[in-house]
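Visitor: Could you look at this predicted model? Sequence included:
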Amino acid sequence: MRKKIFYYLFYFVFAALIVQSCTPQYFRSNYHDANELLQETAGLKEKPYLKAHLRDGDLYVLWDSWQLDTTQGLLLGEGDQYNVYRKKVYQGKVTIPLDSVVIFETNTPLKDIHNEEVTISTLIFALNVVGAIACLVNPKACFGSCPTFYTNESDNVHYASAEGFSNAISPSMEDSDIDALGRWEIADSIFSIKMKNEALETHYVKNVHLRACPLKDQERVYQSPSDKFYLCESIYLPSLAEAAEGDITSLLKAEDKQERFSLADEKNLSSKEEIFLTFEGVEDAKNLGLVLSFRQMLMTTYFIYSALDYMGDEAGYIFAEIERGSDLKDKLKSGLKAELGDIDVYFWSEKKTEWVFQGSFYETGPIAINQQFIPLCSIDSHHFDKQLKLKLVLNKGLWRIDYLALTRLKAEVIPQEIPVQRVVRQGSFDEEALKRLRNSNQYLVTMPGDEYEFHFALPEKNGNRTYELFLYSKGYYLEWMRDEWVQDKDLRKLKQMIDKPKKYLKSEAKAYKLYEQEMEDVFWGSRIKTKNFSYENF
Amino acid sequence: MKTSKFTALLAFCFALLTACSAPEFLPVAEEIGENPYGSYIDIQLLDKSEIEGELIAVEEEQIWVWAEYKEVNLVKKLKAVAKKDIKSFRVKYLNPQPYTKFLVGSLLLTPLHGYWLIYSFPLDTIAGILVSLEGTGDYMYRDNQISYRQLKMFARYPQGLPPNLDLEAQSK
């Protein structure tokens, strides 16, 4: 069908080519006689430029102040003189004997001749630029990666609740992922979430289920990077948060998607930065932990697509090597990923007078905001004076941080697993999809544009329907190779990315900065319902 | 769509768009009255060969063209074409660059549209070609729109070929 549409469109263009009749505009006049010229131009308010072609082939181009002196037989004015080979030989005032001129030439001004075409083509170009930038800003909408999950029907990709197994780009890299969905009060015991394939990819979803923890009062349950779950209470917001650009406290105090981020170093993409945090009024040093809401910027997306780009038409071969047990995926983990690093947390020990490492946050993906928790240990209560100092060390231009706070850990808990009860697709129950999700040996395979709604039945405990919910997803996805990737094959660059990530991150900095600046500017411009943000701090 | 097909299609569209473009020496609309060169003529001969280049002069029996031969490098020769051998011609007198650049730029941007390219590419192509066609009449004459007497006015030397002219020696 698409092929037919193409043919119809081109037939239409050819028809237009044939039917189109050009409307000629006659704007040029030649005069062999000075009197004729004088008569034709006498009534004009503004004189046109005049070309005087001489018998020997020379040419005078006179500007709009020329005069004819028929008594003395002279053409007077100011302009340019060209020789027979059209080399400019003189500019200034000229006096030309009329009998040396063979032909006088005038042209009606054509200033507005292309106004319509320029307007339309500028508009077309502007629309294309907007489209291209929108795709760079929101790659999922045009290129995509991994399944996205939405708790709110009307949300777009900027407000995705979770994104599943972002790292799993081949069968052997199949992975599971747990994303925090937050605290929910479930009115009718049914919780539903929609999964979309918004990319040029095939998604193989092995399992999706909820993990739920019932909550009382102000309790929350947070997940650690190692997928342990902690019941917590009390929140201590930072009294001061400082980064290189200055005070960023207000950006980090609320879960409002007003995020703190920095731009990458223009000389080295693995340059690190530090954020210093001060918490005051913390009653007790025991059982504290740090909650962080964060997501990645588009730097990792850039690297994934760059790698596929470098593979070119050998992508299939390289992925087959990975499936056969090549050490490539381990090299990527220990190389590029390690070089970029996690968000490392340090505590300032008054006793040791040094920063003490506490743990690291990490989650791949630039779309959904992740919330994770790290218990703080080794805090010396003898030197504790209701004030706590922490430091985050992170790669520049890699992370967006929305919110952080200290909280008090009550206990480690094990959430209840809630399987999918129903799958709805295009308004009908999809029993086959449900069967596949329940069978650990089968995959629910989705194609671009597919949407599935999963329903979960949550148990009610003593009338309490408040839960902390987490979404578990397991599977992998296959990127569809795009024509433009195949054209830019560069295996040497791929080798550098894998084997010498430090060197690669330096050499690629300039190219990435070009992409980053445009992408980040429009990303913020394109977002709605968020507070304004200024680049002035950077 | 295979890469080669896509590239061929892209090349075809560029060719269509650039068919409406013109050589650099032609003036833009604002400078039409001060350009010292002749217009660009593309002549189809009865023997199906083609001659194109700057229109130098139009004489009683023949047309002089500063012809361009794009074989390996661009070579220019002053060529006399007998009027009786001419099947058709078209004369471009203006360079419409400002908008064709935008149209070509638009096409080059379509790969960045991801899978929306299947819509944006044909739409851009059609819009581009239609806009170019619309503009074509603004800077070109065909042989059915202009007589040889009028054609003279678009030659570098409307008075005829100057004596002792040696363009080839001068251009070396």
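Guide: On my side now, so go ahead. Numbering: from 1, shown residues only, chains lettered A, B, ... in the order given.
Visitor: mind listing the helices for the stretch 401-538 of chain A?
Guide: A:431-438, A:483-487, A:491-499, A:501-507, A:509-526 (DSSP state H, counting those that start in this stretch).
Visitor: Compare the ones you listed and say which comes out lowest on pLDDT.
Guide: Mean pLDDT values for the helices of the stretch 401-538 of chain A show the minimum at helix A:483-487, a mean of 61.
Visitor: Please settle this for me: is B:Thr125 part of a strand?
Guide: No. Going by DSSP: H, G, I helix; E, B strand; the rest coil, the assignment for B:Thr125 is helix, not a strand.
Visitor: Distance of it relative to B:Val81?
Guide: 35 Å (C-beta to C-beta, to the nearest Å). Just so you know, the C-beta spots here come from the backbone N, C-alpha and C atoms, and that holds for glycine as well.
Visitor: For these two, indicate the residue with more neighbours.
Guide: B:Thr125 (25 against 17; other C-beta atoms under 10 Å in any protein chain shown).
Visitor: wait, A:Pro448 sits on A:Lys196?
Guide: No. With contact defined as C-beta atoms under 8 Å, A:Pro448 does not count as touching A:Lys196 (9.7 Å).
Visitor: More neighbours: which of the two?
Guide: A:Lys196 (21 against 15).
Visitor: surely the more buried one meets A:Glu451?
Guide: Yes. The pair A:Lys196 and A:Glu451 passes the contact test of C-beta under 8 Å, sitting 5.0 Å apart.
Visitor: What is the subsequent helix or strand relative to the helix or strand of chain A with the lowest mean pLDDT?
Guide: Every helix and strand of chain A was ranked by mean pLDDT, DSSP states H and E. The lowest is helix A:2-19, at a mean of 50. Going down the chain from helix A:2-19, the next helix or strand is strand A:28-31, by DSSP states H and E.
Visitor: That next one pairs with which strands?
Guide: strand A:101-107 (antiparallel) (DSSP bridges).
Visitor: Contacts for the strand it pairs with, please.
Guide: Contact partners of strand A:101-107, identified using C-beta atoms under 8 Å, 6 or more residues apart in numbering or on different chains, comprise A:27-32, A:34, A:37, A:40-41, A:48-55, A:75, B:32-33, B:153, B:158-159.
Visitor: Quick one: mean pLDDT for it?
Guide: Computed over strand A:101-107, the average pLDDT equals 89.
Visitor: how long is stretch B:150-161 from one end to the other?
Guide: Distance across stretch B:150-161, first residue to last, is 16 Å (C-alpha to C-alpha, to the nearest Å).
Visitor: Next, the buried residues of it.
Guide: The neighbour-count check on stretch B:150-161 (16 or more other C-beta atoms under 10 Å in any protein chain shown) flags B:150-161 as buried.
Visitor: any low-confidence regions in chain B?
Guide: B:1-22, B:71-73, B:96-101, B:111, B:114-116, B:118, B:132-138, B:170-172 (pLDDT under 70).
Visitor: At which residues are the strands of it located?
Guide: For chain B, applying DSSP state E gives strands covering B:40-45, B:50-58, B:62-70, B:74-82, B:86-92, B:140-142.
Visitor: Over to the stretch 201-350 of chain A?
Guide: Taking DSSP state E, counting those that start in this stretch as the test, the strands found in the stretch 201-350 of chain A are A:201-214, A:220-223, A:229-236, A:240-243, A:246-247, A:260-261, A:272-280, A:288-296, A:343-349.
Visitor: just so I know, which of the ones you listed lies nearest A:Lys253?
Guide: strand A:240-243 (8.4 Å; C-beta to C-beta).
Visitor: Name the surrounding residues that touch that closest one.
Guide: Outside strand A:240-243, the residues touching it (C-beta under 8 Å, 6+ apart) are A:247-249, A:251-252, A:260, A:262, A:273-278, A:404.
Visitor: Save the residues you listed as JSON lines, and put in pLDDT, distance to chain B and neighbour count too.
Guide: Output for the contacts of strand A:240-243, formatted as JSON lines (pLDDT from 0 to 100; distance: C-beta to the nearest C-beta, whole Å; neighbours: other C-beta atoms under 10 Å in any protein chain shown):
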{"residue": "A:Asp247", "pLDDT": "95", "distance to chain B": "38", "neighbour count": "11"}
{"residue": "A:Ile248", "pLDDT": "95", "distance to chain B": "33", "neighbour count": "21"}
{"residue": "A:Thr249", "pLDDT": "94", "distance to chain B": "38", "neighbour count": "16"}
{"residue": "A:Leu251", "pLDDT": "94", "distance to chain B": "31", "neighbour count": "20"}
{"residue": "A:Leu252", "pLDDT": "95", "distance to chain B": "33", "neighbour count": "23"}
{"residue": "A:Arg260", "pLDDT": "94", "distance to chain B": "29", "neighbour count": "22"}
{"residue": "A:Ser262", "pLDDT": "92", "distance to chain B": "26", "neighbour count": "23"}
{"residue": "A:Glu273", "pLDDT": "96", "distance to chain B": "30", "neighbour count": "17"}
{"residue": "A:Glu274", "pLDDT": "96", "distance to chain B": "35", "neighbour count": "14"}
{"residue": "A:Ile275", "pLDDT": "96", "distance to chain B": "34", "neighbour count": "22"}
{"residue": "A:Phe276", "pLDDT": "96", "distance to chain B": "39", "neighbour count": "16"}
{"residue": "A:Leu277", "pLDDT": "96", "distance to chain B": "39", "neighbour count": "24"}
{"residue": "A:Thr278", "pLDDT": "94", "distance to chain B": "44", "neighbour count": "15"}
{"residue": "A:Leu404", "pLDDT": "96", "distance to chain B": "34", "neighbour count": "25"}
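Visitor: Just flag the most distant two among the residues you listed.
Guide: A:Ser262 and A:Thr278 (19.8 Å).
Visitor: With adjacent residues omitted, what lies nearest to A:Glu417?
Guide: A:His209 (5.5 Å; C-beta to C-beta, 6 or more residues apart in numbering or on different chains).
Visitor: mind listing what that neighbour touches?
Guide: So A:His209 contacts A:417-420, A:456, A:472 (C-beta under 8 Å, 6+ apart).
Visitor: again, only this time at 7 Å
Guide: With contact taken as C-beta atoms under 7 Å, 6 or more residues apart in numbering or on different chains, A:His209 is in contact with A:417-420, A:472.
Visitor: ok, B:Ala57 - contacts?
Guide: Counted by C-beta under 7 Å, 6+ apart, B:Ala57 has contacts B:64, B:155, B:157, B:160-161.
Visitor: quick one: which of these is nearest to chain A?
Guide: B:Tyr157 (5.9 Å; C-beta to the nearest C-beta).
Visitor: What parts of the stretch 151-300 of chain A come near chain B?
Guide: Residues of the stretch 151-300 of chain A found near chain B (C-beta under 7 Å from any C-beta of the partner chain) are A:Leu200.
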